[in-house]
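1. A predicted structure for the sequence below; I have some questions about it.
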There are 2 protein chains.
Amino acid sequence: MPHSLDPYNGIQIQSDALGTDEIHFGKSLQYSLQKWQSDGRKGVWLAVPLEKTYFLPILVELGFQTYHCDERRIVLNKWLPKGPSSLPRGPSHLVGVGGFVVNEKNQLLVVKEKHGPVTDVWKLPGGLVDPGEELHEAAIREVREETGIETTFSSLLSVSTRHQAKHSIPTADLYFICLLRPLSAEIVRQEAEIAEARWMDVRVWVCWYGIDWGVGGGVLGDWVL
Amino acid sequence: MPHSLDPYNGIQIQSDALGTDEIHFGKSLQYSLQKWQSDGRKGVWLAVPLEKTYFLPILVELGFQTYHCDERRIVLNKWLPKGPSSLPRGPSHLVGVGGFVVNEKNQLLVVKEKHGPVTDVWKLPGGLVDPGEELHEAAIREVREETGIETTFSSLLSVSTRHQAKHSIPTADLYFICLLRPLSAEIVRQEAEIAEARWMDVRVWVCWYGIDWGVGGGVLGDWVL
(Lines give C-alpha, C1' and ligand atoms only; values in the text may rest on other atoms or scores of the structure.)
Protein backbone atom coordinates (compact mmCIF):
# COMPACT_ATOMS: atom_id res chain seq x y z
CA MET A 1 0.00 0.00 0.00
CA PRO A 2 1.48 3.39 -0.99
CA HIS A 3 2.60 5.26 2.13
CA SER A 4 5.31 7.44 3.62
CA LEU A 5 6.96 7.62 7.04
CA ASP A 6 6.47 10.64 9.30
CA PRO A 7 9.04 12.01 11.82
CA TYR A 8 7.24 10.17 14.66
CA ASN A 9 7.85 6.70 13.15
CA GLY A 10 4.27 6.74 11.88
CA ILE A 11 2.68 5.79 8.57
CA GLN A 12 0.92 8.21 6.22
CA ILE A 13 -1.24 6.25 3.78
CA GLN A 14 -1.56 8.13 0.51
CA SER A 15 -5.12 9.04 -0.42
CA ASP A 16 -4.86 7.44 -3.88
CA ALA A 17 -4.32 4.10 -2.09
CA LEU A 18 -8.07 4.16 -1.39
CA GLY A 19 -9.08 3.36 -4.95
CA THR A 20 -12.81 2.79 -5.36
CA ASP A 21 -13.36 -0.66 -3.83
CA GLU A 22 -13.63 -0.45 -0.04
CA ILE A 23 -13.72 -4.22 0.49
CA HIS A 24 -10.52 -4.76 -1.45
CA PHE A 25 -8.91 -1.80 0.32
CA GLY A 26 -9.98 -3.15 3.73
CA LYS A 27 -8.32 -6.53 3.14
CA SER A 28 -5.16 -4.93 1.86
CA LEU A 29 -5.10 -2.50 4.82
CA GLN A 30 -5.58 -5.31 7.34
CA TYR A 31 -2.50 -7.06 5.93
CA SER A 32 -0.48 -3.81 5.97
CA LEU A 33 -1.48 -2.99 9.57
CA GLN A 34 -0.06 -6.33 10.75
CA LYS A 35 3.16 -5.72 8.88
CA TRP A 36 3.55 -2.15 10.19
CA GLN A 37 2.83 -3.34 13.72
CA SER A 38 5.52 -6.03 13.53
CA ASP A 39 7.90 -3.39 12.10
CA GLY A 40 7.37 -1.31 15.27
CA ARG A 41 5.53 1.57 13.58
CA LYS A 42 3.38 3.90 15.72
CA GLY A 43 0.44 5.92 14.33
CA VAL A 44 -1.24 5.29 10.97
CA TRP A 45 -2.85 8.28 9.25
CA LEU A 46 -5.26 8.50 6.34
CA ALA A 47 -7.38 11.25 4.75
CA VAL A 48 -10.70 10.20 3.20
CA PRO A 49 -12.17 12.65 0.66
CA LEU A 50 -15.86 13.50 1.24
CA GLU A 51 -16.83 11.73 -2.00
CA LYS A 52 -15.42 8.48 -0.56
CA THR A 53 -17.09 8.41 2.85
CA TYR A 54 -18.32 4.88 2.04
CA PHE A 55 -14.81 3.79 3.15
CA LEU A 56 -15.48 4.93 6.73
CA PRO A 57 -17.38 1.91 8.10
CA ILE A 58 -14.52 -0.44 7.20
CA LEU A 59 -11.93 1.93 8.70
CA VAL A 60 -13.93 2.24 11.95
CA GLU A 61 -14.22 -1.58 11.98
CA LEU A 62 -10.41 -1.80 11.75
CA GLY A 63 -10.04 0.47 14.78
CA PHE A 64 -9.45 3.86 13.14
CA GLN A 65 -10.62 7.00 14.90
CA THR A 66 -11.54 10.37 13.45
CA TYR A 67 -8.96 13.11 14.01
CA HIS A 68 -10.07 16.12 11.99
CA CYS A 69 -12.38 17.08 9.17
CA ASP A 70 -12.87 20.01 6.87
CA GLU A 71 -15.05 20.76 3.83
CA ARG A 72 -13.15 18.29 1.68
CA ARG A 73 -12.12 15.28 3.75
CA ILE A 74 -12.05 13.37 7.01
CA VAL A 75 -8.69 12.46 8.54
CA LEU A 76 -8.50 9.27 10.62
CA ASN A 77 -5.75 7.58 12.58
CA LYS A 78 -4.98 4.37 14.42
CA TRP A 79 -2.41 3.67 17.14
CA LEU A 80 -0.51 0.43 16.45
CA PRO A 81 1.48 -0.43 19.62
CA LYS A 82 -0.09 -2.07 22.64
CA GLY A 83 -1.02 0.34 25.42
CA PRO A 84 -2.76 3.72 25.35
CA SER A 85 -2.49 5.90 22.24
CA SER A 86 0.08 8.70 22.16
CA LEU A 87 -1.48 10.27 19.06
CA PRO A 88 -2.39 13.94 19.43
CA ARG A 89 -5.96 15.17 19.36
CA GLY A 90 -7.10 17.17 16.36
CA PRO A 91 -7.76 20.91 16.37
CA SER A 92 -9.86 21.58 19.45
CA HIS A 93 -10.29 25.32 19.81
CA LEU A 94 -12.36 28.01 18.14
CA VAL A 95 -10.37 31.24 18.15
CA GLY A 96 -12.08 34.60 18.18
CA VAL A 97 -10.79 38.17 18.21
CA GLY A 98 -12.34 41.45 19.23
CA GLY A 99 -11.06 44.89 18.27
CA PHE A 100 -10.81 47.49 21.05
CA VAL A 101 -10.81 50.62 18.92
CA VAL A 102 -10.61 53.92 20.81
CA ASN A 103 -10.43 57.28 19.06
CA GLU A 104 -8.81 60.53 20.23
CA LYS A 105 -12.08 61.57 21.94
CA ASN A 106 -11.80 58.47 24.16
CA GLN A 107 -14.71 56.87 22.31
CA LEU A 108 -14.91 53.10 21.80
CA LEU A 109 -16.21 51.51 18.59
CA VAL A 110 -19.11 49.14 19.48
CA VAL A 111 -21.75 47.14 17.60
CA LYS A 112 -25.00 45.26 18.19
CA GLU A 113 -25.48 42.01 16.29
CA LYS A 114 -28.59 41.16 14.26
CA HIS A 115 -28.64 37.42 14.89
CA GLY A 116 -27.61 34.98 17.57
CA PRO A 117 -28.26 34.48 21.27
CA VAL A 118 -27.35 38.06 22.31
CA THR A 119 -28.60 40.96 20.19
CA ASP A 120 -29.26 43.68 22.78
CA VAL A 121 -25.71 44.23 24.02
CA TRP A 122 -23.09 46.65 22.71
CA LYS A 123 -20.13 44.45 21.80
CA LEU A 124 -16.64 44.89 20.45
CA PRO A 125 -16.58 44.23 16.70
CA GLY A 126 -14.93 40.88 16.06
CA GLY A 127 -15.25 37.31 14.89
CA LEU A 128 -13.42 34.07 14.17
CA VAL A 129 -9.81 33.94 13.02
CA ASP A 130 -9.44 32.48 9.51
CA PRO A 131 -7.03 29.62 8.83
CA GLY A 132 -3.57 30.97 8.17
CA GLU A 133 -4.44 34.39 9.58
CA GLU A 134 -2.56 36.16 12.37
CA LEU A 135 -4.56 37.32 15.38
CA HIS A 136 -4.01 41.04 14.78
CA GLU A 137 -4.82 40.68 11.07
CA ALA A 138 -8.10 39.00 11.99
CA ALA A 139 -9.02 41.81 14.40
CA ILE A 140 -8.27 44.50 11.79
CA ARG A 141 -10.28 42.55 9.15
CA GLU A 142 -13.31 41.99 11.39
CA VAL A 143 -13.44 45.66 12.44
CA ARG A 144 -13.23 46.69 8.78
CA GLU A 145 -15.92 44.19 7.69
CA GLU A 146 -18.41 45.05 10.43
CA THR A 147 -17.94 48.84 10.71
CA GLY A 148 -15.92 50.05 7.73
CA ILE A 149 -13.34 51.57 10.10
CA GLU A 150 -9.68 51.12 9.10
CA THR A 151 -7.27 50.48 11.95
CA THR A 152 -3.70 49.55 12.84
CA PHE A 153 -2.61 47.16 15.56
CA SER A 154 -1.25 48.60 18.81
CA SER A 155 -1.05 45.71 21.28
CA LEU A 156 -2.67 42.57 22.57
CA LEU A 157 -4.85 43.51 25.54
CA SER A 158 -6.10 40.18 26.80
CA VAL A 159 -6.82 36.55 26.20
CA SER A 160 -9.58 34.57 27.85
CA THR A 161 -11.01 31.06 27.59
CA ARG A 162 -14.65 30.02 27.53
CA HIS A 163 -15.86 26.45 27.88
CA GLN A 164 -19.28 25.78 26.47
CA ALA A 165 -21.22 23.52 24.17
CA LYS A 166 -21.90 24.64 20.59
CA HIS A 167 -24.12 22.49 18.41
CA SER A 168 -23.90 19.83 21.15
CA ILE A 169 -20.10 19.88 20.88
CA PRO A 170 -18.19 20.83 23.99
CA THR A 171 -15.69 23.30 22.57
CA ALA A 172 -13.13 25.59 24.06
CA ASP A 173 -13.09 29.13 22.79
CA LEU A 174 -10.08 31.35 22.97
CA TYR A 175 -10.89 35.04 22.71
CA PHE A 176 -8.26 37.70 22.13
CA ILE A 177 -8.83 41.43 22.48
CA CYS A 178 -6.54 43.61 20.38
CA LEU A 179 -6.04 47.31 20.99
CA LEU A 180 -6.36 49.00 17.58
CA ARG A 181 -5.85 52.61 16.58
CA PRO A 182 -8.48 54.00 14.18
CA LEU A 183 -7.31 55.48 10.86
CA SER A 184 -10.81 56.61 9.85
CA ALA A 185 -13.93 57.86 11.65
CA GLU A 186 -16.97 57.33 9.46
CA ILE A 187 -18.85 54.12 10.21
CA VAL A 188 -20.12 52.04 7.28
CA ARG A 189 -22.15 49.27 8.91
CA GLN A 190 -22.23 45.72 7.48
CA GLU A 191 -25.97 45.33 6.93
CA ALA A 192 -26.20 41.51 6.89
CA GLU A 193 -25.00 40.87 10.43
CA ILE A 194 -24.75 44.18 12.29
CA ALA A 195 -27.88 45.91 13.61
CA GLU A 196 -26.13 49.04 14.91
CA ALA A 197 -22.62 50.43 15.13
CA ARG A 198 -21.48 53.58 16.93
CA TRP A 199 -18.78 55.37 18.89
CA MET A 200 -19.45 55.32 22.66
CA ASP A 201 -17.56 56.92 25.56
CA VAL A 202 -15.22 54.14 26.62
CA ARG A 203 -15.81 54.76 30.36
CA VAL A 204 -19.59 54.44 29.88
CA TRP A 205 -19.13 51.12 28.07
CA VAL A 206 -16.83 49.79 30.78
CA CYS A 207 -19.31 50.89 33.49
CA TRP A 208 -22.20 49.14 31.71
CA TYR A 209 -20.56 45.88 30.82
CA GLY A 210 -17.61 45.56 33.20
CA ILE A 211 -14.35 43.99 32.22
CA ASP A 212 -13.54 40.32 32.53
CA TRP A 213 -10.18 40.21 30.86
CA GLY A 214 -9.11 36.67 31.71
CA VAL A 215 -5.44 35.80 32.03
CA GLY A 216 -4.29 39.14 30.66
CA GLY A 217 -6.43 41.10 33.15
CA GLY A 218 -5.34 44.36 34.64
CA VAL A 219 -3.58 45.86 31.64
CA LEU A 220 -6.64 47.57 30.27
CA GLY A 221 -8.18 48.42 33.63
CA ASP A 222 -5.31 50.81 34.30
CA TRP A 223 -5.53 52.27 30.86
CA VAL A 224 -9.19 53.20 30.50
CA LEU A 225 -10.20 54.15 34.03
CA MET B 1 -38.10 14.27 11.96
CA PRO B 2 -37.21 14.98 15.63
CA HIS B 3 -35.32 18.27 15.89
CA SER B 4 -34.93 21.43 17.92
CA LEU B 5 -34.37 25.09 17.01
CA ASP B 6 -31.10 26.85 17.87
CA PRO B 7 -30.69 30.60 18.67
CA TYR B 8 -29.57 31.27 15.08
CA ASN B 9 -32.88 30.07 13.55
CA GLY B 10 -31.19 26.79 12.70
CA ILE B 11 -32.26 23.17 13.02
CA GLN B 12 -30.59 20.58 15.25
CA ILE B 13 -31.59 17.09 14.13
CA GLN B 14 -31.57 14.70 17.07
CA SER B 15 -29.18 11.79 16.69
CA ASP B 16 -31.87 9.20 17.39
CA ALA B 17 -33.63 10.43 14.24
CA LEU B 18 -30.98 8.47 12.29
CA GLY B 19 -32.41 5.05 13.12
CA THR B 20 -30.64 2.23 11.30
CA ASP B 21 -31.91 2.54 7.70
CA GLU B 22 -29.95 5.19 5.80
CA ILE B 23 -32.17 5.03 2.69
CA HIS B 24 -35.35 5.63 4.67
CA PHE B 25 -33.62 8.41 6.64
CA GLY B 26 -32.38 10.05 3.43
CA LYS B 27 -35.88 10.24 1.93
CA SER B 28 -37.33 11.60 5.16
CA LEU B 29 -34.50 14.15 5.45
CA GLN B 30 -34.97 15.33 1.86
CA TYR B 31 -38.62 16.10 2.63
CA SER B 32 -37.72 17.89 5.88
CA LEU B 33 -35.02 19.99 4.20
CA GLN B 34 -37.59 21.35 1.72
CA LYS B 35 -39.99 22.19 4.53
CA TRP B 36 -37.31 23.88 6.66
CA GLN B 37 -36.13 25.86 3.66
CA SER B 38 -39.64 27.14 2.92
CA ASP B 39 -39.98 27.99 6.65
CA GLY B 40 -36.93 30.27 6.34
CA ARG B 41 -34.63 28.20 8.53
CA LYS B 42 -30.85 28.67 8.23
CA GLY B 43 -28.30 25.98 9.19
CA VAL B 44 -29.13 22.31 9.70
CA TRP B 45 -26.91 20.36 12.12
CA LEU B 46 -26.54 16.64 12.74
CA ALA B 47 -24.10 14.43 14.70
CA VAL B 48 -23.40 10.97 13.27
CA PRO B 49 -21.97 8.43 15.77
CA LEU B 50 -18.89 6.55 14.51
CA GLU B 51 -20.84 3.27 14.45
CA LYS B 52 -23.23 4.83 11.91
CA THR B 53 -20.76 6.25 9.40
CA TYR B 54 -22.67 4.38 6.66
CA PHE B 55 -25.08 7.37 6.80
CA LEU B 56 -22.37 9.73 5.50
CA PRO B 57 -22.60 9.09 1.75
CA ILE B 58 -26.30 10.00 1.70
CA LEU B 59 -25.69 13.14 3.80
CA VAL B 60 -22.87 14.27 1.50
CA GLU B 61 -25.19 13.59 -1.47
CA LEU B 62 -27.79 15.90 0.12
CA GLY B 63 -25.21 18.70 0.40
CA PHE B 64 -24.07 18.31 4.00
CA GLN B 65 -20.51 19.27 4.92
CA THR B 66 -18.35 18.04 7.77
CA TYR B 67 -17.92 20.52 10.63
CA HIS B 68 -16.13 18.68 13.42
CA CYS B 69 -15.28 15.19 14.59
CA ASP B 70 -14.04 13.56 17.76
CA GLU B 71 -13.49 9.97 18.92
CA ARG B 72 -17.21 9.31 19.03
CA ARG B 73 -18.93 11.12 16.15
CA ILE B 74 -18.83 13.32 13.09
CA VAL B 75 -20.85 16.54 13.08
CA LEU B 76 -22.17 17.79 9.72
CA ASN B 77 -24.14 20.83 8.64
CA LYS B 78 -25.94 22.29 5.64
CA TRP B 79 -26.80 25.90 4.84
CA LEU B 80 -30.42 26.21 3.61
CA PRO B 81 -30.84 29.75 2.21
CA LYS B 82 -29.64 30.75 -1.23
CA GLY B 83 -26.29 32.52 -1.27
CA PRO B 84 -23.04 31.77 0.51
CA SER B 85 -23.10 29.92 3.84
CA SER B 86 -22.90 31.92 7.08
CA LEU B 87 -22.23 28.81 9.16
CA PRO B 88 -19.09 28.96 11.30
CA ARG B 89 -16.12 26.74 10.69
CA GLY B 90 -15.40 24.03 13.24
CA PRO B 91 -12.54 24.09 15.74
CA SER B 92 -9.48 25.10 13.75
CA HIS B 93 -6.60 25.57 16.15
CA LEU B 94 -4.27 23.34 18.10
CA VAL B 95 -3.40 25.09 21.35
CA GLY B 96 -0.11 24.41 23.10
CA VAL B 97 1.44 25.75 26.28
CA GLY B 98 4.98 25.93 27.53
CA GLY B 99 6.03 26.50 31.13
CA PHE B 100 8.79 29.10 31.71
CA VAL B 101 9.93 27.91 35.14
CA VAL B 102 12.80 29.88 36.70
CA ASN B 103 14.14 29.15 40.19
CA GLU B 104 15.79 31.51 42.68
CA LYS B 105 19.22 30.80 41.15
CA ASN B 106 17.96 32.20 37.84
CA GLN B 107 17.93 28.71 36.32
CA LEU B 108 15.35 27.70 33.72
CA LEU B 109 13.72 24.24 33.61
CA VAL B 110 14.36 22.70 30.16
CA VAL B 111 13.88 19.32 28.48
CA LYS B 112 14.92 17.39 25.39
CA GLU B 113 12.27 15.22 23.73
CA LYS B 114 12.78 11.57 22.80
CA HIS B 115 10.60 11.51 19.67
CA GLY B 116 9.51 13.86 16.95
CA PRO B 117 11.16 16.12 14.40
CA VAL B 118 13.40 17.97 16.92
CA THR B 119 15.17 15.96 19.61
CA ASP B 120 18.47 17.82 20.02
CA VAL B 121 17.17 21.14 21.33
CA TRP B 122 16.57 22.22 24.93
CA LYS B 123 12.90 23.16 25.05
CA LEU B 124 10.45 24.49 27.58
CA PRO B 125 8.37 21.65 29.03
CA GLY B 126 4.87 21.79 27.61
CA GLY B 127 2.22 20.24 25.42
CA LEU B 128 -1.34 20.49 24.18
CA VAL B 129 -4.17 21.98 26.22
CA ASP B 130 -6.85 19.40 27.10
CA PRO B 131 -10.54 20.10 26.36
CA GLY B 132 -12.07 22.05 29.22
CA GLU B 133 -8.68 22.98 30.64
CA GLU B 134 -7.49 26.52 31.36
CA LEU B 135 -4.19 27.61 29.81
CA HIS B 136 -2.34 28.01 33.12
CA GLU B 137 -3.67 24.67 34.39
CA ALA B 138 -2.35 22.99 31.25
CA ALA B 139 1.10 24.55 31.70
CA ILE B 140 1.30 23.43 35.33
CA ARG B 141 0.14 19.91 34.39
CA GLU B 142 2.60 19.51 31.51
CA VAL B 143 5.54 20.70 33.62
CA ARG B 144 4.54 18.23 36.35
CA GLU B 145 4.09 15.34 33.89
CA GLU B 146 7.38 15.88 32.05
CA THR B 147 9.68 16.89 34.91
CA GLY B 148 7.94 16.15 38.23
CA ILE B 149 8.36 19.80 39.25
CA GLU B 150 5.37 21.38 41.02
CA THR B 151 4.67 25.01 40.12
CA THR B 152 2.24 27.88 40.57
CA PHE B 153 1.14 30.30 37.86
CA SER B 154 2.63 33.81 37.85
CA SER B 155 1.67 35.40 34.54
CA LEU B 156 1.17 34.89 30.85
CA LEU B 157 4.42 35.80 29.09
CA SER B 158 3.55 35.49 25.43
CA VAL B 159 1.36 34.08 22.73
CA SER B 160 2.47 33.25 19.21
CA THR B 161 0.96 31.64 16.13
CA ARG B 162 2.51 29.07 13.85
CA HIS B 163 1.10 28.05 10.49
CA GLN B 164 2.17 24.68 9.23
CA ALA B 165 0.88 21.38 7.88
CA LYS B 166 0.48 18.43 10.25
CA HIS B 167 -0.48 15.06 8.83
CA SER B 168 -1.18 16.86 5.54
CA ILE B 169 -3.62 19.18 7.35
CA PRO B 170 -2.81 22.88 7.28
CA THR B 171 -3.37 23.80 10.91
CA ALA B 172 -2.81 26.90 12.94
CA ASP B 173 -1.08 26.45 16.24
CA LEU B 174 -1.41 28.87 19.09
CA TYR B 175 1.39 28.63 21.62
CA PHE B 176 1.23 30.26 25.03
CA ILE B 177 4.19 30.64 27.37
CA CYS B 178 3.30 30.86 31.05
CA LEU B 179 5.69 32.14 33.70
CA LEU B 180 5.54 29.60 36.54
CA ARG B 181 7.16 29.65 39.96
CA PRO B 182 8.68 26.32 41.09
CA LEU B 183 7.53 24.80 44.39
CA SER B 184 10.02 21.92 44.22
CA ALA B 185 13.54 21.41 42.87
CA GLU B 186 14.15 17.72 42.27
CA ILE B 187 13.51 16.62 38.70
CA VAL B 188 11.68 13.32 38.10
CA ARG B 189 11.82 12.85 34.33
CA GLN B 190 8.95 11.26 32.40
CA GLU B 191 10.78 8.36 30.77
CA ALA B 192 8.40 7.68 27.87
CA GLU B 193 8.71 11.03 26.09
CA ILE B 194 11.54 13.02 27.70
CA ALA B 195 15.18 12.17 26.95
CA GLU B 196 16.72 14.70 29.36
CA ALA B 197 15.54 17.34 31.81
CA ARG B 198 17.67 19.85 33.70
CA TRP B 199 18.00 23.31 35.20
CA MET B 200 20.01 25.67 32.95
CA ASP B 201 21.11 29.27 33.46
CA VAL B 202 18.28 31.26 31.89
CA ARG B 203 20.66 33.74 30.18
CA VAL B 204 22.57 30.88 28.56
CA TRP B 205 19.35 29.39 27.24
CA VAL B 206 18.20 32.73 25.85
CA CYS B 207 21.62 33.27 24.20
CA TRP B 208 21.51 29.83 22.57
CA TYR B 209 17.97 29.81 21.32
CA GLY B 210 16.95 33.44 21.13
CA ILE B 211 13.45 34.63 21.87
CA ASP B 212 10.68 34.88 19.33
CA TRP B 213 7.80 35.84 21.57
CA GLY B 214 5.17 36.69 18.97
CA VAL B 215 2.47 39.21 19.79
CA GLY B 216 3.41 39.40 23.46
CA GLY B 217 7.06 40.06 22.67
CA GLY B 218 9.19 42.34 24.76
CA VAL B 219 7.79 41.50 28.17
CA LEU B 220 10.21 38.69 28.84
CA GLY B 221 13.16 40.30 27.12
CA ASP B 222 13.23 42.99 29.80
CA TRP B 223 12.84 40.47 32.54
CA VAL B 224 15.57 37.96 31.80
CA LEU B 225 18.35 40.04 30.30
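-> Perfect, thanks for sending it.
2. tally of neighbours for the closest residue to A:Pro7 other than its chain neighbours?
-> Residue nearest to A:Pro7 in three dimensions, not counting chain neighbours: B:Pro117, with 4.1 Å by Cβ to Cβ, 6 or more residues apart in numbering or on different chains. From N, CA and C alone the C-beta is placed, and that goes for glycine too. Other residues near B:Pro117 come to 8 when the count uses other Cβ atoms under 10 Å in any protein chain shown.
3. try A:Lys123
-> Neighbours around A:Lys123, by other Cβ under 10 Å: 16.
4. isn't it right up against A:Lys112?
-> Yes: counting by Cβ atoms under 8 Å, A:Lys123 does reach A:Lys112; the two are 7.0 Å apart.
5. sorry, back to before: surely the residue nearest to A:Pro7 is within a helix?
-> No: secondary structure of B:Pro117 (DSSP: H, G, I helix; E, B strand; the rest coil): coil, not part of a helix.
6. what's the pLDDT at A:Gly99?
-> Listed pLDDT for A:Gly99 reads 95.
7. give the contact list for it.
-> Counting by Cβ atoms under 8 Å, 6 or more residues apart in numbering or on different chains, A:Gly99 makes contact with A:Leu109, A:Leu124, A:Pro125, A:Gly126, A:Ala139, A:Ile140, A:Glu142, A:Val143, A:Thr151, A:Ile177, A:Cys178, A:Leu180.
8. among these, which one lies nearest to A:Trp208?
-> Nearest to A:Trp208 among those, counting by Cβ to Cβ, is A:Leu124 at 12.9 Å.
9. so what's that closest one up against?
-> Residues near A:Leu124 by Cβ under 8 Å, 6+ apart: A:Gly98, A:Gly99, A:Phe100, A:Leu108, A:Leu109, A:Val110, A:Val111, A:Ile177.
10. let's go with 10 Å and repeat that
-> With contact set as Cβ atoms under 10 Å, 6 or more residues apart in numbering or on different chains, A:Leu124 has these partners: A:97-101, A:108-111, A:139, A:142-143, A:146, A:175, A:177-178, A:180, A:205, A:209.
11. out of these, which sit inside helices?
-> In this view, the contacts of A:Leu124 that belong to helices under DSSP state H are A:Ala139, A:Glu142, A:Val143, A:Glu146, A:Trp205, A:Tyr209.
12. top of the residues you listed by neighbour count?
-> A:Ala139 leads these on contacts (other Cβ under 10 Å) with 30 neighbours.
13. look at that residue and report its pLDDT.
-> pLDDT for A:Ala139: 96.
14. then A:Leu46?
-> For A:Leu46, the pLDDT comes out at 94.
15. what of A:Tyr175?
-> Value for A:Tyr175, per-residue pLDDT: 86.
16. contacting residues around the residue lying closest to A:Trp122 once chain neighbours are set aside?
-> Counting by Cβ to Cβ, 6+ apart, the nearest residue to A:Trp122 once its immediate chain neighbours are dropped is A:Val110, at 4.1 Å. Neighbouring residues of A:Val110 by Cβ under 10 Å, 6+ apart: A:100-101, A:121-125, A:147, A:196-200, A:202, A:204-205, A:208-209.
17. now, which of the residues you listed lie within strands?
-> Of those, the ones assigned to strands by DSSP state E are A:Phe100, A:Val101, A:Glu196, A:Ala197, A:Arg198, A:Trp199, A:Met200.
18. just name the shakiest helix or strand of chain A by mean pLDDT.
-> helix A:219-224 (a mean of 41; mean pLDDT, DSSP states H and E).
19. in chain A, which strand is the longest?
-> strand A:151-166.
20. need the pLDDT of the residue nearest to the spatial centre of chain A.
-> Geometric centre of chain A, nearest residue: A:Leu94, 3.5 Å, by Cα atoms, centre = their mean. Listed pLDDT for A:Leu94 reads 85.
21. what's it sitting at in phi/psi?
-> phi -90, psi 140 (degrees, to the nearest 10).
22. who does the nearest residue to it once chain neighbours are set aside form a beta bridge with?
-> Computed as Cβ to Cβ, 6+ apart, the closest residue to A:Leu94 that is not its neighbour in sequence is A:Asp173, at 4.9 Å. For A:Asp173, the beta-bridge partners under DSSP bridges are A:Leu94, A:Arg162.
23. what is the neighbour count of A:Asp173?
-> A:Asp173 is flanked by 16 other residues according to other Cβ under 10 Å.
24. state the number of residues packed around A:Trp36.
-> Residues near A:Trp36, counting by other Cβ under 10 Å, number 20.
25. does it touch A:Gly10 like I think?
-> Yes: with contact defined as Cβ atoms under 10 Å, A:Trp36 reaches A:Gly10; the gap is 9.1 Å.
26. common neighbours of the two, please.
-> Common contacts of A:Trp36 and A:Gly10 (Cβ under 10 Å, 6+ apart): A:His3, A:Lys42, A:Gly43, A:Val44, A:Lys78, A:Leu80.
27. got a winner among these for most neighbours?
-> Within those, most neighbours by other Cβ under 10 Å means A:Val44, with 25 neighbours.
28. what about it, distance to chain B?
-> Look at A:Val44 and chain B: by Cβ to the nearest Cβ, to the nearest Å, they are 11 Å apart.
29. got phi/psi on the residue lying farthest from the centre of chain A?
-> In chain A, counting by Cα atoms, centre = their mean, A:Ser38 sits farthest out from the average C-alpha position, at 37.4 Å. Main-chain torsions, A:Ser38, degrees, to the nearest 10: phi -70, psi -20.
30. contacting residues around it?
-> A:Ser38 makes contact with A:Leu80, according to Cβ under 10 Å, 6+ apart.
31. please repeat the previous calculation with a cut-off of 7 Å.
-> Going by Cβ atoms under 7 Å, 6 or more residues apart in numbering or on different chains, A:Ser38 touches no other residue.
32. do you know the pLDDT at it?
-> The per-residue pLDDT reported for A:Ser38 equals 96.
33. same question for A:Asp16.
-> So A:Asp16 comes in at 88 (pLDDT).
34. contacts only, for the closest residue to it other than its chain neighbours.
-> Nearest non-adjacent residue to A:Asp16, counting by Cβ to Cβ, 6+ apart: A:Pro2, 6.7 Å away. By Cβ under 7 Å, 6+ apart, A:Pro2 lies in contact with A:Gln14, A:Asp16, A:Ala17.
35. number of residues surrounding the last one?
-> It stands for A:Ala17. Using other Cβ under 10 Å, A:Ala17 is surrounded by 14 other residues.
36. ok, now the first one?
-> Burial of A:Gln14 is recorded as 13 neighbouring residues (other Cβ under 10 Å).
37. does it touch A:Trp45 like I think?
-> No: in this structure, A:Gln14 is not within contact of A:Trp45 by Cβ atoms under 7 Å, at 10.3 Å.
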